[in-house]
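Peer 1: Next input, structure requested:
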Amino acid sequence: MVTSFWRDKRIRLRGIEPDDWAAFMRFAEDEEYLGDLLNPPRSAEGFRTWAKEQAVATPDGDCFQLAIEAVDSGELVGAVGSYHADPRAGWFEYGITIGAEHRRKGYAAQAAVLLLRFMFAERRFHRCEARIFAHNEASLALHQRLGFVEEGRLRDRVFLSCRHRDLVVMGMLSEEFSRRHPRHEARPR
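Peer 2: Down below sits the predicted model:
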């Protein structure tokens, strides 16, 4: 029986804890390996400090980051968050990352649905945007399965791995989400 808004059958979304630093360091390495982001190397102490700061940080309005934990193992498998939000206009942008060894197991889809349900149903946002590197075919396919629609392509928008690449903007409206991901039962209290 699911007893929390932030928990599904296989995952739980939770705040970032200081001990999560090593997993976030692995996620950064995974993104670099995929050619998604290339940043200067960061020390283990830098990740420890960042995780400690995140653990006590107050969410910035509707912008926050959550850890994705596998229910069966308690292992941190990824992160999901809202990164830009305009409550007046009713839109937000979100992002998700899953550790390399945990991809293609359904964690990303479940985490995205939990976050989107919160932002659409509880925070009353009208639309969500996701910006995805055009070469990240797995992420594009995930978002299409979730019900996002490609709304635009920014040509040569990002510079990664020594070349310019396109950035795909995908969007979903709250009513599209509700039709695609209905609440089948009320959550127990």
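
Peer 1: residue ranges with poor pLDDT in the protein?
Peer 2: By pLDDT under 70, the weakly predicted segments of the chain are 1-3, 33-38, 184-189.

Peer 1: Would you point out which residue is most central in it?
Peer 2: Centroid-nearest residue in the chain, with C-alpha atoms, centre = their mean: residue 96, separated by 2.3 Å.

Peer 1: Which helix or strand contains that residue?
Peer 2: Assigned by DSSP states H and E, residue 96 belongs to strand 91-98.

Peer 1: Let me see the contact set for the residue nearest to the centre of the chain.
Peer 2: Going by C-beta atoms under 8 Å, 6 or more residues apart in numbering, residue 96 touches 78-81, 108, 111-112. No exception for glycine: its C-beta is placed from N, CA and C like everyone else's.

Peer 1: Just the ones in helices from those, please.
Peer 2: Under the assignment DSSP state H, the contacts of residue 96 contribute 108, 111-112 to helices.

Peer 1: how much space between the closest residue in space to residue 174 that isn't next to it in sequence and residue 113?
Peer 2: Leaving aside its sequence neighbours, residue 174 sits nearest to residue 120 (C-beta to C-beta, 6 or more residues apart in numbering; 4.2 Å). Computed as C-beta to C-beta, to the nearest Å, the residue 120 to residue 113 distance reads 10 Å.

Peer 1: Ok, residue 156 next?
Peer 2: Between residue 156 and residue 113 the computed distance is 32 Å (C-beta to C-beta).

Peer 1: more neighbours, the two?
Peer 2: residue 113 (17 against 10; other C-beta atoms under 10 Å).
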